[in-house]
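Novice: sequence plus the predicted model coming up.
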Amino acid sequence: NSATLLLDLLNQIRDITQIEHKQKQLSVQCIQLSGLLGECQKIIQPEAAKACLTFDMDEASDSISNGYVIADYIRLKQVILNLFRIAIKHNASNGFIAVKIFPSNSVVRISILNVGKQISEGTEQNDTPPSNSSSPGYSTKDVELTLSISKKLIYLMDGNINVSGSVCNQVNYIVELPGGIDFSSSADSSDQPLHTGTEKIKHSSDRQIIVAEDNSTSLMLILNQLESLGYKADKATNGHEALQKITNQNYKLL
């Protein structure tokens, strides 16, 4: 209902404020998209069914089953749920929501496309998406606020949200985040970034690069960039740790 929705949005605004004022930190890690998107779909499915909408998500595709992003799991999950709810609101009965993944270099794009009924001949097109009356408590202002909050959360995770399409039967919400496609065997993604499947990656014994960075988000992004280029690196979270490692190994790049 509207009270629950408002409380949820207020909690998200509070989180953003606390993160910006360093009172709370993002827990950045490599996130397998198949699990996150599947969990979000299960949560939102009852609302979609009530609005007579169906999901179109090809979970068997390489992009979804092997795709990953570097983000905060809880906040990204909230953003995806936000966009799903917006897509339900701005849709029509018997429409559908299509979810696709588009990897490009070190960036992954998560596309959430909501498609309503096809426009009948002679129907005038306009820039306002249809409002689904089966989404109680979700006003146009709520949608605008939800989208604004979602954009801010993704921005804090070094990403971006773009909205494309202005005709009344189709709007595409695209979330861009650092990430890639991992074709390797499953590894403990909470400890180190997943690589993108390139054959250029060196063995651990060949590591001659060390990255020293005290910001965990920046460290994760740098390591991910190196992985995408085919290199592995040792990491140090402060100068003292870096000096200790340098004395024990002759690194070619610092």
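Specialist: Noted; the coordinates are in hand. None of these values were measured; they are calculated from a predicted model.
Novice: the helix or strand hosting residue 144: what's the following helix or strand?
Specialist: Residue 144 is part of helix 140-156 when elements are defined by DSSP states H and E. Counting by DSSP H and E, the next helix or strand C-terminal to helix 140-156 is strand 160-164.
Novice: give the other helices and strands that that next one contacts.
Specialist: helix 140-156, strand 170-181 (3 or more C-beta pairs under 8 Å, 6 or more residues apart in numbering; DSSP states H and E). Glycine gets a C-beta too; all of them are placed from N, C-alpha and C.
Novice: between helix 140-156 and it, find me the angle.
Specialist: With axes from the mean of the first three to the mean of the last three C-alpha atoms, to 10 degrees as the basis, strand 160-164 and helix 140-156 are set at 140 degrees to each other.
Novice: in strand 160-164, what's buried?
Specialist: In terms of neighbour count (16 or more other C-beta atoms under 10 Å), strand 160-164 has its buried residues at residue 161.
Novice: and stretch 88-104, by the same measure?
Specialist: Of the residues in stretch 88-104, 88, 89, 90, 91, 92, 95, 97, 98, 99, 100, 101, 103 count as buried by neighbour count, 16+ other C-beta under 10 Å.
Novice: can you tell me the SS state at the residue nearest the centre of the chain?
Specialist: Central residue of the chain (C-alpha atoms, centre = their mean): residue 76, 5.2 Å from the mean position. Going by DSSP: H, G, I helix; E, B strand; the rest coil, the secondary structure assigned to residue 76 is helix.
Novice: and it, how far from residue 29?
Specialist: Per C-beta to C-beta, to the nearest Å, residue 76 is found 10 Å from residue 29.
Novice: joint contacts of the two?
Specialist: Counting by C-beta atoms under 8 Å, 6 or more residues apart in numbering, residue 76 and residue 29 have no shared contacts at all.
Novice: and the angle for the helix holding residue 144 with strand 170-181?
Specialist: Using the same axes, to 10 degrees: helix 140-156 against strand 170-181 is 20 degrees.
Novice: counting contacts, what elements does helix 140-156 pack onto?
Specialist: On a contact count with 3+ C-beta pairs under 8 Å, 6+ apart, helix 140-156 meets helix 2-20, helix 73-89, strand 160-164, strand 170-181.
Novice: lowest-confidence stretch among the ones you listed?
Specialist: Mean pLDDT values for the helices and strands packed on helix 140-156 show the minimum at helix 2-20, a mean of 76.
Novice: can you give me the buried ones in that one?
Specialist: 5, 8, 9, 12, 15, 16, 19.
Novice: and it, how far out from the chain middle?
Specialist: 19 Å (C-alpha atoms, centre = their mean, to the nearest Å).
Novice: kindly export that helix (C-alpha atoms) in CSV.
Specialist: Extracted in CSV, the C-alpha atoms of helix 2-20 (Å, rounded to 0.1, in the frame of the first residue of the first chain):
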residue,chain,number,x,y,z
SER,A,2,1.0,3.7,-0.2
ALA,A,3,2.2,3.8,3.5
THR,A,4,4.6,0.9,3.0
LEU,A,5,5.8,2.3,-0.3
LEU,A,6,6.5,5.7,1.3
LEU,A,7,8.3,4.1,4.2
ASP,A,8,10.5,2.1,1.8
LEU,A,9,11.4,5.2,-0.2
LEU,A,10,12.2,7.2,3.0
ASN,A,11,14.5,4.4,4.1
GLN,A,12,16.3,4.5,0.8
ILE,A,13,16.7,8.3,1.1
ARG,A,14,18.1,7.8,4.6
ASP,A,15,20.6,5.3,3.3
ILE,A,16,21.8,7.7,0.5
THR,A,17,22.2,10.5,3.1
GLN,A,18,24.2,8.2,5.5
ILE,A,19,26.4,7.0,2.6
GLU,A,20,27.1,10.6,1.4
